[in-house]
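Colleague: I'd like to go over a predicted model; first the sequence, then the structure.
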Amino acid sequence: MIQDISPSKFNNSYKVCQPDSSSRFFIFSEDKLLADTSLENGDIIFPGNNDIPSADNAVYLFSIDDISYFLISDHKCSENGNFRFVPFKELRQLKISRNNSLFAAFTAYHLWCWYRSSRFCGKCGHTTVHSSRERAMVCPECGNTIYPRINPAVIIGVLNGDRILITRYRTGYAHNALVAGFTEIGESLEETVAREVMEEAGLRVKNIRYYKSQPWGSASDLLMGFFCDVDGSDEIHMDKSELKYAEWISRDEIVLQPQDISLTNEMMKLFRSGKI
């Protein structure tokens, strides 16, 4: 999955620091990221000190191994040389040797979206400032503290003997997927699983069991994977407003997603191989 960067180590501990000669910078323009995707070294390259006019307003995000990554929000950078503003959809489709850069980009995008939407206090409307001691935006007027937003969502492998429920969204991502949805207020994860399967496929489920989680920064999500079994009738009543396809598929009929970075793909692969 995208966060599988071993033996590299991801460190998201907050600190106030300045870039050094090895630091890399994330500069976003809407849903595009300034990067070199020529893959001359088999990887995505993000700008360093020599590639940008100034890093005076850089905010430390995290580190991977010995490389520190910073965000420059109010940028005056333009495309130059191999560096261009690349759409996130294009980044996800790149064939790179390791996940480090893609995971860093997804995580940086998550934080950039949060910083962008947290510039003003939701209580009094005053301009917020960076906390000096933790990853938070603070209102100097009323003291309101805003932390990074993380959206809990479930990915659900619904099983029916040697078949699994495969779906495709009506809009957006065009490849095979599993039933998925966001946890609502006052709801447990297990209740989310049962509700989403009923809403999308009209099926009741039992034996709900947790599999694994995944941070998915491009949507500010924390995805939690579950497997469960159909309970009673296996007749599908698909929500046509959300899905264009929902069918029971045997193990050898499963077509995986083109990139092996998502929790959904790992769960489909696990079932196809007979490990579930």
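Modeller: It's in. Numbers count the residues shown, from 1 in each chain.
Colleague: use CA for all of it now, contacts and neighbours both
Modeller: Will do.
Colleague: Show me which strand runs longest in the chain.
Modeller: strand 205-216 (DSSP state E).
Colleague: buried set for that strand?
Modeller: Buried residues in strand 205-216, counted by 16 or more other CA atoms under 10 Å: 205-206, 208, 214-216.
Colleague: Can you list the strands that it pairs with?
Modeller: strand 221-230 (antiparallel) (DSSP bridges).
Colleague: residues in contact with F88?
Modeller: With contacts taken as CA atoms under 8 Å, 6 or more residues apart in numbering, F88 has the following neighbours: 31-33.
Colleague: change it to 10 Å
Modeller: By CA atoms under 10 Å, 6 or more residues apart in numbering, F88 lies in contact with 31-33, 102, 105-106, 109, 218.
Colleague: Over to S68?
Modeller: Applying CA under 10 Å, 6+ apart to S68 gives the contacts 11, 17-25, 60-62.
Colleague: how about those residues in CSV, adding neighbour count, pLDDT and distance to E235?
Modeller: Below are the contacts of S68 laid out as CSV (neighbours: other CA atoms under 10 Å; pLDDT from 0 to 100; distance: CA to CA, whole Å):
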residue, neighbour count, pLDDT, distance to E235
N11, 13, 97, 46
C17, 12, 90, 57
Q18, 14, 91, 59
P19, 19, 92, 58
D20, 11, 91, 59
S21, 10, 90, 60
S22, 11, 92, 57
S23, 18, 95, 55
R24, 20, 95, 52
F25, 26, 95, 51
Y60, 21, 96, 51
L61, 24, 97, 48
F62, 20, 97, 47
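Colleague: hmm, which two among the buried residues of strand 205-216 are most spread apart?
Modeller: Spatial extent of these (CA to CA) is set by the pair K206 and W216 at 26.8 Å.
Colleague: one step back: of all the buried residues of strand 205-216, which comes closest to I276?
Modeller: I208 (13.2 Å).
Colleague: Can you pull out the low-pLDDT segments for the stretch 1-150 of the chain?
Modeller: For the stretch 1-150 of the chain, no stretch is flagged by pLDDT under 70.
Colleague: so where do the strands sit in it?
Modeller: Per DSSP state E, counting those that start in this stretch, the stretch 1-150 of the chain carries strands over the ranges 10-11, 24-26, 28-29, 32-36, 59-64, 67-71, 83-87, 129-130, 137-138, 145-146.
Colleague: Present those as CSV; the columns should include distance to P47.
Modeller: Converted to CSV, the strands of the stretch 1-150 of the chain look like this (distance: least, CA to CA, whole Å):
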stretch, distance to P47
strand 10-11, 19
strand 24-26, 5
strand 28-29, 12
strand 32-36, 7
strand 59-64, 15
strand 67-71, 10
strand 83-87, 8
strand 129-130, 24
strand 137-138, 26
strand 145-146, 29
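Colleague: Closest to L39 out of the contacts of S68?
Modeller: R24 (16.6 Å).
Colleague: State the distance from the closest one to L34.
Modeller: Distance, R24 to L34, using CA to CA, to the nearest Å: 11 Å.
Colleague: Mind listing the shared neighbours of those two?
Modeller: In contact with both R24 and L34: 45-47, using CA under 10 Å, 6+ apart.
Colleague: export those to a markdown table and tack on neighbour count and distance to V129?
Modeller: Formatted as a markdown table, the shared contacts of R24 and L34 follow (neighbours: other CA atoms under 10 Å; distance: CA to CA, whole Å):
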| residue | neighbour count | distance to V129 |
| --- | --- | --- |
| I45 | 19 | 30 |
| F46 | 20 | 26 |
| P47 | 16 | 26 |
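Colleague: Let me see the contact set for the spatially most central residue of the chain.
Modeller: In the chain, the centroid-proximal residue (CA atoms, centre = their mean) is W216; its distance is 1.7 Å. Neighbour list for W216: 2-3, 103, 106-107, 110, 150-151, 222-223, 261-263 [criterion: CA under 10 Å, 6+ apart].
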